[in-house]
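Engineer: Pasting the sequence and the predicted coordinates here, then a few questions.
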Amino acid sequence: METVTVLVIDADEASRNFLAQLLQKKNYKVKHASSAQEGVRVVEEETPGMVIFDTKLPDLSAMELIERLQKFPDIADVPCVVLSSKSDPEEMQACLHAGCAEYYVKSGMVMMTLVDSIPRLLMEGKRLRKRSEKGFLFTFLSAKGGTGTSSLCANIGMNMASHLPQSTVAVADLVLPMGSIASLVGSDEDTFNLVTVADQQTDKITADFLKDNLIVPSHWLFHLLPGAPNPETAINLQVGHIPNIVDSMRKAYDYVLIDLGRSLSRISLPIIQDADLVVLVLSTDLSTVNHTKKLWHYLKDQGIDSTRVFPVLNRAVGLEGLTKAEAEKILELEIKLMVPYMMGNFTLANNQHTPISMKFPTDTATMVMKQAAMEMSQKAIKMRG
């Protein structure tokens, strides 16, 4: 069997040498580099079988190094592993999304685990290649109104755009007969919206068209496709073009969040079935939880696996109602996230068209929105493999 060459890029000489010794004991050939530029020069001379790099390098950031490596055609078939000096969830998400096979926080034990994992990584074939597949699709829906689905969709989208800066994020309002996200974020919806896009010829609804025309609301960081501005306009919606709109958005953006509200229909079901994650938003009242249970059973009958469902319990109206455990028992699903009661703060932020994270940066809900964005991203990346 041909000996595998492993390139180790690490500014810390002691750490680099320790890992090299572990690799050599397993009969791997090791090449060293103390900087990103030096590592790139090694790749120019000979393509390694694997690249392991620390993110704390003197000349380039982790993402800059990844971009440099991606310019080499042969490196697209090489597993790249991040060995970070510190835990950084945002950096981890960015590296994994860029195609890195694993992300480890450095320690002696972790290095031994990494070396033992190399045969698996080589076999699995997770490669550092530029993403050619579609962006991740997250659908937000609820069984009853009043659960704050649109606000959660917008605020989680904002946090994805904020904390995954290497990724592009778009939000689409597909709630019918009338959308609400444009008014929530303070954007115009009269001249460019779901209905006007669906009126275009099919060959015009492309990724480039959407990237050039989607609205970027002030302060919100994501790109927005507003919904139908009123019920009268929604009557004229060319529903046959919606699949093409969603598909083109996924070609244009890394993450596409779609607010469906309570719009479960023949129009929305195929979108839900194609989603990487289905975010089920419910409140703590018994009626909503029971309706959500019925909705979940229906989705399960339509082929939606529980691993793709991300239930969120939003205490939108107060502290009363069911506990998380009680809701889970009824739903027969684990609730992935709980949004705390914010009294009037959520309403105040919405009325001022401002993200929760900007209006109330120290509020627990702000931390929860960030947690939701990171967990959803990580879960989707892992499911794609």
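Structural biologist: Good, I have the coordinates. Numbers count the residues shown, from 1 in each chain.
Engineer: going forward, measure contacts between C-alpha atoms and count neighbours the same way
Structural biologist: Will do.
Engineer: Could I get the full set of strands for this protein?
Structural biologist: For the chain, the strands defined by DSSP state E occupy 5-9, 29-33, 50-53, 80-84, 102-105, 136-142, 169-173, 223-225, 255-261, 277-282, 309-314, 337-339.
Engineer: Report all helices and strands that the first one contacts.
Structural biologist: In terms of contact count using 3 or more Cα pairs under 8 Å, 6 or more residues apart in numbering; DSSP states H and E, strand 5-9 is assigned the packing partners helix 13-25, strand 29-33, helix 36-45, strand 50-53.
Engineer: ok, and what's touching stretch 202-219?
Structural biologist: 185-187, 192, 197-198, 222-225, 241, 244-245, 248-252, 354-355 (Cα atoms under 8 Å, 6 or more residues apart in numbering).
Engineer: How much space separates the nearest residue to Leu295 once chain neighbours are set aside from Leu299?
Structural biologist: Leaving aside its chain neighbours, Leu295 sits nearest to Ala143 (6.3 Å; criterion: Cα to Cα, 6 or more residues apart in numbering). Ala143 sits 12 Å away from Leu299, going by Cα to Cα, to the nearest Å.
Engineer: Name the residue in those two with the higher neighbour count.
Structural biologist: Taking neighbours as other Cα atoms under 10 Å, Ala143 and Leu299 compare with Ala143 leading, 24 against 19.
Engineer: Contacts only, for that one.
Structural biologist: 262, 281-282, 288, 291-292, 295.
Engineer: Roughly how far does it sit from Thr292?
Structural biologist: Counting by Cα to Cα, the gap from Ala143 to Thr292 is 5 Å.
Engineer: Give me the common contacts of those two.
Structural biologist: Residues touching both Ala143 and Thr292 (Cα under 8 Å, 6+ apart) are Leu282.
Engineer: Quick one: mean pLDDT over stretch 243-253.
Structural biologist: Stretch 243-253 shows a mean pLDDT of 94.
Engineer: Quick one: the helices in the stretch 201-350 of the chain, in order.
Structural biologist: Assigned helices in the stretch 201-350 of the chain, in chain order: 207-213, 231-234, 242-252, 269-274, 286-301, 324-331, 345-351 (criterion: DSSP state H, counting those that start in this stretch).
Engineer: and the gap between Thr47 and Glu102?
Structural biologist: 19 Å.
Engineer: again with Gly240
Structural biologist: Distance of Gly240 to Glu102, computed by Cα to Cα: 41 Å.
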